[in-house]
Every structure is written in structure tokens, then in C-alpha cells.
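Trainee: Build me a model from this:
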Amino acid sequence: MAIDDLTVGYVAHLARIELQPKELERLSRQLQGILDFIDKLKCADIRGVNPTSHVLAVHNIFRDDTAGLSLPAEDVLENAPQRQGDFYAVPKVIE
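Mentor: So this is what the prediction gives:
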């Protein structure tokens with residue numbers, strides 16, 4: 001797949017990102033390099049290679065889920081910009 005300045009400009013417009021012509025050119029080259037590398041990876045023979053989720057073995061260490069004491073509301077709300085009783089006060093975002 002070829003990436004050109006027009007495609008990158010279109011995607012930047014959709015993302016509401018303003019790019020200067022030099023940035024657009026550089027980003028187009030970088031994205032094309034990424035896609036070229038992915039094409040090389042597609043050519044790799046991976047028959048007989050087991051799928052992995054991590055390069056290194058991962059072992060989960062679980063602890064008992066036990067109830068503990070919570071922080072007092074005063075300590076939690078100490079640095080709150082606005083508060084209403086024992087709660088954070090936030091601006092209304094739905095009209």
C-alpha cells in the first residue's frame with residue numbers, strides 16, 4: 001500500500017491535526033517506511049513457530065483479595081479543586 005501526502009493530509013484533517021508541508025512530507029515517508037517493513041514481515045516463513053503473547057515467560061503472582069480500611073474522606077479530598085460534601089465537584093458536561 002502506498003502512502004502519499006494527500007492520504008496523510010486527509011487523515012490529519014479527520015484527526016483535526018494541523019500539519020505543515022514539511023511535517024506532512026516527513027510523516028508520509030515515515031508511514032511508508034512502516035508499511036514497507038510490515039510487507040517484509042508478511043514474507044517471513046513462520047510455519048512451525050508457535051504463537052506467543054510475550055517474548056519472555058510471564059507468571060502472574062496473585063495475592064489474597066482482602067478488605068482493608070479506606071482512606072478518610074478528608075484525606076482523599078484534601079487536594080480537590082472543588083468539592084461538594086464528601087464528593088468531588090465537577091462541571092456539568094451534559095446539557
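Trainee: check contacts around residue 12.
Mentor: Residue 12 is in contact with 18-19, 24, 27, counting by Cβ atoms under 8 Å, 6 or more residues apart in numbering. Placement of C-beta: from N, CA and C, glycine included.
Trainee: now the residues you listed: which count as buried?
Mentor: Among the contacts of residue 12, those classed as buried by 16 or more other Cβ atoms under 10 Å are 19, 24, 27.
Trainee: Kindly indicate which of those residues lies nearest residue 41.
Mentor: Nearest to residue 41 among those, counting by Cβ to Cβ, is residue 27 at 21.2 Å.
Trainee: Run through the residues that contact that closest one.
Mentor: Contact analysis of residue 27 by Cβ under 8 Å, 6+ apart lists 8, 12, 19.
Trainee: Go again with 10 Å.
Mentor: Going by Cβ atoms under 10 Å, 6 or more residues apart in numbering, residue 27 touches 3, 5, 8-9, 11-12, 17, 19.
Trainee: And the pLDDT at it?
Mentor: For residue 27, the pLDDT comes out at 93.
Trainee: So it, which state does it fall into?
Mentor: helix (DSSP: H, G, I helix; E, B strand; the rest coil).
Trainee: for the contacts of residue 12, which one is nearest residue 90?
Mentor: residue 18 (29.8 Å).
Trainee: That closest one: what secondary structure?
Mentor: Assigned with three-state DSSP, residue 18 falls in the coil class.
Trainee: That one and residue 24, how far apart?
Mentor: From residue 18 over to residue 24 the distance is 10 Å, taken as Cβ to Cβ, to the nearest Å.
Trainee: Then residue 15?
Mentor: Residue 15 sits 13 Å away from residue 24, going by Cβ to Cβ.
Trainee: and what of residue 39?
Mentor: The spacing between residue 39 and residue 24, counted by Cβ to Cβ, is 23 Å.
Trainee: same deal with residue 70?
Mentor: On the measure of Cβ to Cβ, residue 70 and residue 24 end up 51 Å apart.
Trainee: Show the contacting residues for residue 47.
Mentor: When the contact criterion is Cβ under 10 Å, 6+ apart, residue 47 has no partners at all.
Trainee: tell me the pLDDT at it?
Mentor: We have a pLDDT of 91 for residue 47.
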